[in-house]
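Asker: output the structure for:
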Amino acid sequence: LMEEYILIPRLRKLGKVDILGRAVRTSARKYEKNGPFMNALLNLKTLLLFYAGVPAEDLARSYRAR
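Answerer: Numbering: from 1, shown residues only. Predicted coordinates for the structure are as follows:
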């Protein structure tokens, strides 16, 4: 959880990061259950806690509990 927030800035220091034009399939269960506003709010909360230094294990536990 949150590894892209660590990985992408490091990769950008090495050079240009390209976005591949490939589709990714995921489940919409959480989105449908919580709705777009609540999902955005919960994701923002996770991001803020991440940047506040909350350990990844705690973030993952909180994320799975949703």
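
Asker: which elements pack onto the helix or strand bottoming out on mean pLDDT in the chain?
Answerer: Lowest mean confidence among the helices and strands of the chain (mean pLDDT, DSSP states H and E): helix 56-65, at a mean of 87. Here helix 56-65 touches helix 29-51, going by 3 or more CB pairs under 8 Å, 6 or more residues apart in numbering; DSSP states H and E. Any C-beta I mention is one placed from the backbone N, CA and C, and that applies to glycine too.

Asker: for the helix it packs on, buried residues please.
Answerer: 46, 50 (16 or more other CB atoms under 10 Å).

Asker: hang on, the earlier thing: what's in contact with the least confident helix or strand of the chain?
Answerer: Applying CB atoms under 8 Å, 6 or more residues apart in numbering, the contact partners of helix 56-65 are 1-2, 46, 49-50.

Asker: and the furthest pair within these?
Answerer: Across these, the longest distance by CB to CB is 10.8 Å; it joins Leu1 and Leu49.

Asker: would you indicate which residues of the helix or strand containing Pro9 are buried?
Answerer: Assigning secondary structure by DSSP states H and E places Pro9 in helix 3-14. Neighbour-count burial for helix 3-14, counted by 16+ other CB under 10 Å, picks out no residue.

Asker: for that helix, output the C-alpha coordinates as PDB.
Answerer: Provided in PDB are the C-alpha atoms of helix 3-14 (Å, rounded to 0.1, in the frame of the first residue of the first chain):
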ATOM      1  CA  GLU A   3       4.400   2.100  -2.700                       C
ATOM      2  CA  GLU A   4       3.800   4.200  -5.800                       C
ATOM      3  CA  TYR A   5       4.100   7.300  -3.600                       C
ATOM      4  CA  ILE A   6       7.700   6.200  -2.800                       C
ATOM      5  CA  LEU A   7       8.600   4.600  -6.100                       C
ATOM      6  CA  ILE A   8       7.600   7.200  -8.700                       C
ATOM      7  CA  PRO A   9       9.500  10.200  -7.200                       C
ATOM      8  CA  ARG A  10      12.600   8.000  -7.000                       C
ATOM      9  CA  LEU A  11      12.200   6.800 -10.600                       C
ATOM     10  CA  ARG A  12      11.700  10.400 -11.800                       C
ATOM     11  CA  LYS A  13      15.100  11.300 -10.400                       C
ATOM     12  CA  LEU A  14      16.600   8.600 -12.700                       C
END
